[in-house]
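In: Show me the folded form of this:
(2 chains)
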2 protein chains.
Amino acid sequence: MAQLISDRRDIDFVLHEQLGLVDHERFAEFNKKTVDLIVSEARNLAVKEILPTQKPGDEEGCTFDNGRVTVPPCFKRAWELYKEGEWLAMTDDPEVGGQGMPKLVGLAANEYLIGANPSFMLYSGMTHGAATLVEAFGTDEQKRLYMKKMFSGEWGGTMLLTEAEAGSDVGALSSVAKKNADGTYSITGTKIFISAGEHDLAKNIIHPVLARIEGAPEGTRGISLFLVPKYRVNDDGSLGEFNNVVCTGIEEKMGLHGNATCTLSLGEKGESIGTLLGAENKGMSAMFRMMNEARAFVGLQGFAVSTASYMYALDYARTRIQGKNILKARQPGVKSCPIIEHPDVRRQLLNMKALIEGMRSLIYFNGKCLDIAETSEDPEQKERYGDMVELLTPLVKGYVTDRSLEVCSHGVQVYGGYGYIKEFPVEQLMRDSRIYMIYEGTNGIQAMDLLGRKLAMKDGKLFRDFIDEIRQVVEAAKQVEGVKAIAARVEKAVDKLEQTAKVIGERSKSKDVMNAYSFAHPFLEVTGDVAMAWMLLWRAMVAAPKLVKKAGSLDPEVVAAKSATNKDAAYYAGQVMTAAFFINTLLPSALAKMDAIVEGDSSVETMPEAAFGSR
Amino acid sequence: MAQLISDRRDIDFVLHEQLGLVDHERFAEFNKKTVDLIVSEARNLAVKEILPTQKPGDEEGCTFDNGRVTVPPCFKRAWELYKEGEWLAMTDDPEVGGQGMPKLVGLAANEYLIGANPSFMLYSGMTHGAATLVEAFGTDEQKRLYMKKMFSGEWGGTMLLTEAEAGSDVGALSSVAKKNADGTYSITGTKIFISAGEHDLAKNIIHPVLARIEGAPEGTRGISLFLVPKYRVNDDGSLGEFNNVVCTGIEEKMGLHGNATCTLSLGEKGESIGTLLGAENKGMSAMFRMMNEARAFVGLQGFAVSTASYMYALDYARTRIQGKNILKARQPGVKSCPIIEHPDVRRQLLNMKALIEGMRSLIYFNGKCLDIAETSEDPEQKERYGDMVELLTPLVKGYVTDRSLEVCSHGVQVYGGYGYIKEFPVEQLMRDSRIYMIYEGTNGIQAMDLLGRKLAMKDGKLFRDFIDEIRQVVEAAKQVEGVKAIAARVEKAVDKLEQTAKVIGERSKSKDVMNAYSFAHPFLEVTGDVAMAWMLLWRAMVAAPKLVKKAGSLDPEVVAAKSATNKDAAYYAGQVMTAAFFINTLLPSALAKMDAIVEGDSSVETMPEAAFGSR
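Out: Down below sits the predicted model:
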């Protein structure tokens, strides 16, 4: 049977052959054997219990009726099993009810779980994000009342930021918090686009809410964070009365139908009482501390969905018989072939594969950086890899989700007409995947974050360390037979990227700031493309010597013959060729784009508004 | 009020300032004034009557019940008005019931009509295609019985090619035609993915059907074309009994819900009787003769939908207030601005605009070539522009529909979270647009057509003429103040494209054919990119002198000041800047892609099948 959701061989390669697990006593019990078991468990749950809910979740969607939201009924059993398995807090501290796994391992498990049903897993993701806020900023009392119940999935969680007039510009929000005599706050306001904002999977839902305390300054400086439960919580942890967080409707969306996107009204039908989470007027900085996790999670969603699309497309291409092999088309009596033999289908599949494998490595590397930053006793390492996460976050969110849509669209195309109909899963995956470029900060915001914040932080140290990491791989790869030529190409690319960053970085601090930001997204694209080249080169560098060992040679004909019978040879050959494909055929366009960024055409900035088109 | 569906100013520019109408006595009555009236009429019908059916068409979709398909009810009135206006055959010969308009003008009208509701207009498009087949290949009797009723829209038409095992490989079809004693044929078989295959807009539906006469050769050489009506037609033109063309189901699709995609079974519940259309075993060549029209129509659909998306996104960007202008963000008390002031939004809009305007010019130019080919008395011109249509067809279908999806995705992104919900039209437009890359020959097929057929035809003359047309514009533009620099860049690009075509063309006829075809789609992309640059340069070359006249100078500040008060200045400034944007920032990547094509990395061809991923 075909691999579903993801390619286990490739996950194992990244975990154990490319990156390696973090060696630290805190992770002592997570040796290779245990990790493999965990990933297998996650895959089992994903394939057997969650995947069957993906299509019904799309078709049935969520139901709104008089303030109540019902999730697709089949989600209920999956949620119970998911809770039982304690997956929600798998990477969290055992003290808060977690399993203490390395983040790197959690990513592998989550890739399967999310790829099976991203709508379903968003209930979990939102809850985890909210629980982490309580863990980071909660008082002992708040932790006691809420935290473990959230990390266990008994209660849900959300994030109430967006308002109709405050989307990308959170600072414009108008929700108000009024302090009560007992130290609690009464919150009023209307929040929109709240994922998992109301549902029937959990008995209570805990809403972290951004609002302005009466009299606080305008803009982001006057925003505080509050914890507002759907049902008030008594001192013994039992549920009290309804807290008047009223769902007034859910959105009809392009995809992600299984997750309820809610409008929530607070303090309108009665008091919505909350407690301050963290310090007064420090709500934005609290949100920012959680933002890396939230954004990496969005990148993971996009990536997991596109991986699933690739697995389906690959299986379809191997089994769908249509047309004749171009090399044999004129031979009399030749039979039709699987479409994977057609060059344009192969090109699309290799394009998908290159992006997916580059993204998997990048996302997992980001997870490993988190693990190092958390556990390292060397302050320099701790800082370096903590900073690396800062730098990588806009790539992991922005670049990855742009490319995920592209991969999902290829998935549809490989299916041809069948890809456009709902009978086949690639159709839904493409619709689901379109949201990731938008939520948790549009990719335009990610591009501004990379250029305006991350590039400038610590006087450019973060970006220099990033470049240094790439160069380390390039230097090593230049010594490895079979990858020397592509290593030289990546070297040129990284040199040019460094130069480009210098130019656009300086420009962003000059009077030409508008010009700089008009190239922020192209700069995100080329940085991401170089990151892909880096990761694919790294993979190829690891794989090439193993391929020589398995196949005895790097000669394409020998490799092809061996690959037909030896799975490892085929896998390693795929690594070397995928890297060559990306670096030789796709990376050159990124270099040309860098030249264009440096040149800095002024049309975007100078275009008169009326010139965009008639009113 | 905002322009809906399309930008009339730009349509007029292409018709009257860039391309100009074809001067021929056949088109004598279609002078500028008449043409403008026609476009205005089409726009009125589109905006007032057809556009209101777009969203209901998506929400209600088509209904299938026991063999009968009901279109969204609101389509009925729109169809009556569309028929009354005689829009279906506007460009056809008055002798067959048409209005004899130039194709170029028909495109402008259709851009509005399709942009208003592509599902609705597909009923018309399918009918027109089928009617044209009858006109081209029908006997006098077939014409008498069917043709005028189809061109008037009283009866519908379709195209029955695809079967479950015969999609891109039409030659694999298994429908059978058995000759009857009276010269008619009894057809049996099951056809899938039939757009407008069954519906209640027309009293009868006439199906051109590809099938194999018993005993005919295998493959495409043994395929014949038949005319099979839904209801048999009596000699006096009245309807006879049901012809057993049974709709057994309709597809649930990502978009285009208002058009019924049908499975049709012939000859199963009773005889389905048809008549031969054209010669025995010449069905494929008949289809091929109609293919350019059909494919250009698909390109037009993709383009029209993406144009509508741009108009909505532009209007939204002008009216949505969010965030502060980056140049003023630190000024105290500064208010939030329309998002069109943000550089990343501007970049996206300009990207959309450049593609849309390039595509509009390319599509209209293709229409003008058809007009010239049809009317010219100079045999060389007739041949040159007839051939030009052959060459442009894979671009107009393949390149345009790839880019249309990209534009529609930008449309969603400009709306942010609002773009993902069904409340706003860009969501539907993106779903609708995804089919155009697939039907009427996937874009992979288009790429093969360009490389394998069009490039080689007449020993390369078609491609040489295409390059020559571009060079004519480049040479002229090199003399025009304000566009000299971009003209020089386009010159380099066209030189490199010519060289690239030579290399890949030769490779496609060598033992490296697999390598060549693995770059067929990238070659389509770069050819299309150069075509965009050509068209945008052409526009800028026309606009720049007019801008100088209106604004007095090409200095950006002068232009900006003048543009604020003078619509023409703004429009022409937009032409010059849009060309600069595309040629300076996007075209360079195409040149790098050409280098990669010439280099010809072998990964796609040599990748062992097992290396694509685990089974």
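
In: drop to CA atoms for contacts and neighbour counts, all remaining ones
Out: Fine.

In: Can you list the neighbours in contact with the helix or strand residue A:506 falls within?
Out: If you go by DSSP states H and E, residue A:506 is part of helix A:484-508. Identification of contacts with helix A:484-508 by Cα atoms under 8 Å, 6 or more residues apart in numbering or on different chains yields A:451-452, A:455-456, A:467, A:470-471, A:474-475, A:477-478, A:513-517, A:523, A:526-527, A:530, A:533-534, A:537, A:579-580, A:583-584, A:587, A:591, A:594-595, A:597-598.

In: Can you say which of those residues are buried?
Out: A:451-452, A:455-456, A:467, A:470-471, A:474, A:477-478, A:513-517, A:523, A:526-527, A:530, A:533-534, A:537, A:579-580, A:583-584, A:587, A:591, A:594-595, A:597-598 (16 or more other Cα atoms under 10 Å in any protein chain shown).

In: and chain B, which of those residues contact it?
Out: A:513-515, A:517, A:580, A:584, A:591, A:597 (Cα under 8 Å from any Cα of the partner chain).

In: out of those, which are inside strands?
Out: Among these, no member falls in strands (DSSP state E).

In: Wait, a strand at residue A:435?
Out: No - under DSSP: H, G, I helix; E, B strand; the rest coil, residue A:435 sits outside any strand and is assigned coil.

In: what's the spacing between it and residue A:126?
Out: Distance of residue A:435 to residue A:126, computed by Cα to Cα, to the nearest Å: 15 Å.

In: which residues touch the closest residue to chain B within the stretch 101-250 of chain A?
Out: Chain B sits closest to residue A:169 of the stretch 101-250 of chain A, with a gap of 5.2 Å, by Cα to the nearest Cα. By Cα under 8 Å, 6+ apart, the residues touching residue A:169 are B:322-323.

In: try residue A:613
Out: B:7, B:314, B:571, B:574 are the contacts of residue A:613 under Cα under 8 Å, 6+ apart.

In: Going by distance to residue B:380, which of the residues you listed wins?
Out: residue B:7 (35.3 Å; Cα to Cα).

In: so residue A:127 makes contact with residue A:150?
Out: Yes - Residue A:127 is in contact with residue A:150 according to Cα atoms under 8 Å; the separation is 6.4 Å.

In: Which neighbours do the two have in common?
Out: A:156-157.

In: quick revisit: neighbour-wise, which of residue A:435 and residue A:126 wins?
Out: Comparing residue A:435 with residue A:126 by other Cα atoms under 10 Å in any protein chain shown, the one with more neighbours is residue A:435, at 27 against 22.

In: Nearest spatial neighbour of the more buried one, chain-adjacent residues omitted?
Out: Setting aside the residues directly before and after it, residue A:435 is nearest to residue B:420 in space (Cα to Cα, 6 or more residues apart in numbering or on different chains), at 6.6 Å.

In: And for residue A:220?
Out: residue A:171 (4.3 Å).

In: mind listing what that neighbour touches?
Out: Per Cα under 8 Å, 6+ apart, neighbours of residue A:171: A:218-221, A:223.

In: Same check on residue A:237?
Out: Residue A:237 neighbours (Cα under 8 Å, 6+ apart): residue A:145.

In: ditto for residue A:165
Out: Here residue A:165 is in contact with A:172-173, B:321-322 (criterion: Cα under 8 Å, 6+ apart).

In: What pLDDT does the model give the residue of chain A positioned farthest from its centre?
Out: Most distant residue from the mean C-alpha position of chain A: residue A:332, 50.0 Å away (Cα atoms, centre = their mean). Turning to residue A:332, the model gives it a pLDDT of 87.

In: which SS class is it?
Out: From three-state DSSP, the assignment for residue A:332 is coil.

In: how many neighbours does the closest residue in space to residue A:515 that isn't next to it in sequence have?
Out: Nearest non-adjacent residue to residue A:515, counting by Cα to Cα, 6+ apart: residue A:605, 5.9 Å away. By other Cα under 10 Å, 20 other residues sit near residue A:605.
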